[in-house]
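A.B. asks: when you get a sec, could you give me coordinates for this:
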Amino acid sequence: MNPQILQELVTMRMPFGKHKNWIICDLPEAYLVWFHSKGFPPGKLGEQLSTLYEIKLNGLEYLLKPLRGAK
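C.D. replies: Model (predicted):
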């Protein structure tokens, strides 16, 4: 897992959609499941959302907690 992506998950905001302007790591799991079923967007955002999906699916949210304070 790329540490840079983890840092981006706690700092970048969702650029579009129902949860526009939410910090990516705060997106609800159901939204990520929807993207998983429909297909993640191409490029960096898709990689970020896919990574967050795997983190939430596997109960690894604790990996992001120390990074939230390091913004």
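
A.B. asks: where does the prediction get shaky in this structure?
C.D. replies: Applying pLDDT under 70 to the chain flags residues 1, 70-71.

A.B. asks: tell me which stretches of it form helices.
C.D. replies: Applying DSSP state H to the chain gives helices spanning 3-9, 29-38, 43-57, 65-68.

A.B. asks: those helices: which one's closest to Gly17?
C.D. replies: With Cβ to Cβ as the criterion, Gly17 lies closest to helix 29-38 of these, at 8.1 Å. In this view, the C-beta of every residue, glycine as well, is placed from N, C-alpha and C.

A.B. asks: what's the angle between the closest one and helix 43-57?
C.D. replies: Angle between the axes of helix 29-38 and helix 43-57 is 120 degrees (criterion: axes from the mean of the first three to the mean of the last three Cα atoms, to 10 degrees).

A.B. asks: measure the closest residue to Leu60 other than its chain neighbours to Asp26 for me?
C.D. replies: Among residues not flanking Leu60 along the chain, Glu54 sits closest, at 7.7 Å (Cβ to Cβ, 6 or more residues apart in numbering). According to Cβ to Cβ, to the nearest Å, Glu54 and Asp26 sit 16 Å apart.

A.B. asks: tally of neighbours for the spatially closest residue to Glu8 that is not a sequence neighbour?
C.D. replies: Distances taken as Cβ to Cβ, 6+ apart put Gln48 closest to Glu8, at 5.9 Å, once the chain neighbours are dropped. Gln48: 22 surrounding residues under other Cβ atoms under 10 Å.

A.B. asks: which residues touch Gln48?
C.D. replies: When contacts are counted by Cβ atoms under 8 Å, 6 or more residues apart in numbering, Gln48 touches Ile5, Glu8, Leu9, Met12, Ile24.

A.B. asks: try it again at 6 Å.
C.D. replies: Ile5, Glu8, Ile24 (Cβ atoms under 6 Å, 6 or more residues apart in numbering).

A.B. asks: ok, back up a step: want to throw the helices of the chain into TSV with distance to Phe16?
C.D. replies: What follows is the helices of the chain, written out as TSV (distance: least, Cβ to Cβ, whole Å):
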stretch	distance to Phe16
helix 3-9	16
helix 29-38	12
helix 43-57	9
helix 65-68	23
